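# Provided below for reference: sequence and predicted model.
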Amino acid sequence: MDFLAVCADLGVCDLVPSAWHRVMPPLMFLLFVLIVGVPIARILRRAGRSRWWVILAFVPLLNLLGLWLFAFLRWPTLDKSSGH
């Protein structure tokens, strides 16, 4: 469904200038990626993993697999701090 059609159906098109109607969806996506991706990347860095694993957070079902992997695999940073 087209964003403009939904906007017109809801009657909220006048709340945002018409020039922003095409710009808002990509900006909202970018905001979502920043809000979710930055904290996950920091957690991964602290866990001693590559920040590229953050891509899993945005792939449905693979994100759950990634959570299970990180929950039960050894964390290199914990191994270093404990002296093992």
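Yes, it's here.

# pretty sure L44 contacts S50?
Yes. Here L44 reaches S50: they are 6.9 Å apart, a contact under CB atoms under 8 Å. To be clear about C-beta, it is placed using only N, CA and C from the backbone, and glycine gets the same treatment.

# more neighbours: which of the two?
Using other CB atoms under 10 Å as the criterion, L44 and S50 rank with L44 on top: 19 against 9.

# tell me how many other residues surround R49.
So R49, with other CB under 10 Å, has 19 neighbours.

# quick one: residues contacting it.
Counting by CB atoms under 8 Å, 6 or more residues apart in numbering, R49 touches F70, P76.

# does it count as helix, strand or coil?
Secondary structure for R49, judged by DSSP: H, G, I helix; E, B strand; the rest coil, is coil.

# phi, psi of it?
Dihedral pair for R49: phi -110, psi 160, per degrees, to the nearest 10.

# could you shift the numbering so residue one becomes 27, and keep it that way?
Will do, 27 is the new start, and the previous item becomes R75.

# gap between it and A97?
Taking CB to CB, to the nearest Å as the measure, R75 falls 13 Å from A97.

# beyond the helix or strand containing V59, next helix or strand please.
Taking DSSP states H and E as the definition, V59 sits inside helix 50-72. Using DSSP H and E, the helix or strand that follows helix 50-72 in sequence is helix 88-98.
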